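K.L.:
No sequence on hand, only this structure:
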């Protein structure tokens with residue numbers, strides 16, 4: 001059932017994003033700024049959108065967008081730096097995979113990737129997404145889970161967040177049944193690999209926008225994983 005808090009949340013989202021669709025100049029500014037300062041925009045984008053996704057996940061499971069100890073600002077910091085790591089991973093895998101495919105005999109992969117749609121481009125985009133998600137994604141998702149537990153264990157406060165993270169203790173006690181059987185085995189092949197295949201099919205400017213939307217989905221999926 002839609003409640004007052006849902007209308008407030010939707011209104012906040014509209015206030016943040018509607019100007020980009022109403023004023024062409026603002027969208028142009030965003031695209032240009034993103035081209036020149038991709039690392040900064042990746043931090044901001046994921047800090048806002050992925051944390052928003054976690055709030056939506058919390059709403060789905062508890063009926064509320066916030067609870068004591070949730071730690072919105074610590075989560076925004078984590079997602080910001082994860083956003084930077086995702087941006088770097090995109091660059092590395094989008095550049096390195098075509099080189100690997102060339103090595104394997106699939107010539108002109110980089111040129112095909114930046115050309116118009118074709119089955120060859122679809123194959124290259126799939127390969128980029130595949131390698132990205134089987135090599136990078138599990139590490140990123142596990143790190144996120146560790147920081148998530150750290151935030152909760154310290155009451156969601158900024159002071160607690162900046163205390164040393166007990167990596168070994170948290171890693172050993174992770175619910176690996178959920179982490180492996182749901183987060184890795186289901187979301188990666190059934191959602192992330194297809195989603196990122198689409199991402200790498202798009203022109204560079206639209207990749208940024210699509211990745212932003214996926215940031216919301218990422219926050220929702222990881223937020224509700226414990227309840228599966």
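P.N.:
Now that the structure is in, tell me what you want to look at. The model shown is predicted, which means the values in this text are computed figures rather than measured ones.
K.L.:
distance between the helix or strand harbouring residue 14 and the chain's centre?
P.N.:
Here residue 14 sits within helix 4-22, counting by DSSP states H and E. Per CA atoms, centre = their mean, to the nearest Å, the displacement of helix 4-22 from the mean C-alpha position of its chain is 20 Å.
K.L.:
and if you look at stretch 73-82?
P.N.:
Its chain's C-alpha centre lies 11 Å from the corresponding centre of stretch 73-82 when counted by CA atoms, centre = their mean.
K.L.:
buried ones in that stretch?
P.N.:
74-80, 82 (16 or more other CB atoms under 10 Å). Where you see a C-beta, it was placed from the backbone N, CA and C, and this is true even at glycine.
K.L.:
among the residues you listed, which are in helices?
P.N.:
74-80, 82 (DSSP state H).
K.L.:
thinking again about what came up before, so which bits of the helix holding residue 14 are buried?
P.N.:
Buried residues in helix 4-22, defined by neighbour count with 16+ other CB under 10 Å: residue 9.
K.L.:
for it, packing partners?
P.N.:
On a contact count with 3 or more CB pairs under 8 Å, 6 or more residues apart in numbering; DSSP states H and E, helix 4-22 meets helix 24-36, helix 38-62.
K.L.:
pLDDT weak spots in this protein?
P.N.:
Low-confidence segments of the chain (pLDDT under 70): 1, 205, 208-209, 219, 222-228.
K.L.:
Spell out which residues sit in contact with residue 47, please.
P.N.:
Remark: with contacts taken as CB atoms under 8 Å, 6 or more residues apart in numbering, residue 47 is in contact with 76-77, 79-80, 83.
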